[in-house]
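Peer 1: here are the coordinates; sequence isn't available:
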């Protein structure tokens with residue numbers, strides 16, 4: 001799996017239609033929706049703004065008025081073939097007055113994203129995991145500091161008789177992080193896999 005190091009784009013022209021392929025690194029569907037709104041605003045004269053999203057647990061496709069399956073699906077197929085994750089692919093189309101047909105559209109949208117991928121700087125994605133951690137109130141700030149130092153994300157916090165934190169970290173660091181947390185808090189916490 002790979003993800004984008006930075007946004008990338010490419011432009012192609014087929015039978016006078018312009019196709020602008022763009023790739024953005026995203027972490028969620030709401031983040032992708034914000035980027036899509038920006039692209040629609042930047043390209044008010046475009047006849048179509050099609051997109052494909054591949055994101056952990058929340059992917060999506062939209063042909064934006066093109067015949068079903070001729071725009072977003074070929075874009076999605078390129079992302080899958082290139083083994084990309086956490087990416088939003090957008091193709092803005094300015095119509096040139098000549099119909100391309102279903103096959104022509106499929107090739108054009110796929111090619112626009114393929115060209116953008118060629119211009120992209122990719123980096124490997126490290127698998128992530130989530131851990132649930134139960135600890136005393138007095139120890140929460142110490143554990144949060146450790147999380148910050150080791151780039152572990154606190155996803156959720158629940159307060160009852162004790163504090164329950166849901167943490168996200170790289171799989172490769174999970175064992176060492178748990179050991180460091182136990183040492184820091186003198187064993188006064190419990191870890192389990194988050195559901």
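Peer 2: On my side now, so go ahead. A quick note: this is a predicted structure, and the numbers were derived from the prediction, not measured.

Peer 1: Out of the helices and strands in the protein, which is least certain?
Peer 2: strand 189-193 (a mean of 82; mean pLDDT, DSSP states H and E).

Peer 1: what's the offset of it from the middle of its chain?
Peer 2: Here strand 189-193 shows a centroid-to-chain-centroid distance of 28 Å under the convention Cα atoms, centre = their mean, to the nearest Å.

Peer 1: quick one: strands adjacent to it?
Peer 2: strand 128-135 (antiparallel) (DSSP bridges).

Peer 1: Please tell me how far the most centrally placed residue in the chain sits from residue 153.
Peer 2: Geometric centre of the chain, nearest residue: residue 86, 2.1 Å, by Cα atoms, centre = their mean. Noted for residue 86: a distance of 14 Å to residue 153, by Cβ to Cβ, to the nearest Å. (Glycine included, C-beta is placed from N, CA and C.)

Peer 1: go on, residue 12?
Peer 2: 38 Å.

Peer 1: okay, the two: which has more neighbours?
Peer 2: residue 12 (16 against 12; other Cβ atoms under 10 Å).

Peer 1: what helices or strands is the helix or strand hosting the more buried one leaning on?
Peer 2: Here residue 12 sits within strand 8-14, counting by DSSP states H and E. The contact analysis (3 or more Cβ pairs under 8 Å, 6 or more residues apart in numbering; DSSP states H and E) places strand 8-14 against strand 17-25, helix 101-118.

Peer 1: rerun at 10 Å
Peer 2: Helices and strands touching strand 8-14, by 3 or more Cβ pairs under 10 Å, 6 or more residues apart in numbering; DSSP states H and E, are strand 17-25, strand 87-94, helix 101-118.

Peer 1: In TSV: those, plus distance to residue 182.
Peer 2: Formatted as TSV, the helices and strands packed on strand 8-14 follow (distance: least, Cβ to Cβ, whole Å):
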stretch	distance to residue 182
strand 17-25	34
strand 87-94	36
helix 101-118	43
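
Peer 1: most packed of these?
Peer 2: Greatest average neighbour count among the helices and strands packed on strand 8-14 goes to strand 87-94 (a mean of 25), per mean count of other Cβ atoms under 10 Å.

Peer 1: List the strands paired with that one, with their directions.
Peer 2: strand 17-25 (antiparallel), strand 48-54 (antiparallel).

Peer 1: pLDDT averaged over the last one - what is it?
Peer 2: When pLDDT is averaged along strand 48-54, the result is 95.

Peer 1: Then stretch 95-105?
Peer 2: pLDDT averaged over stretch 95-105 gives 90.
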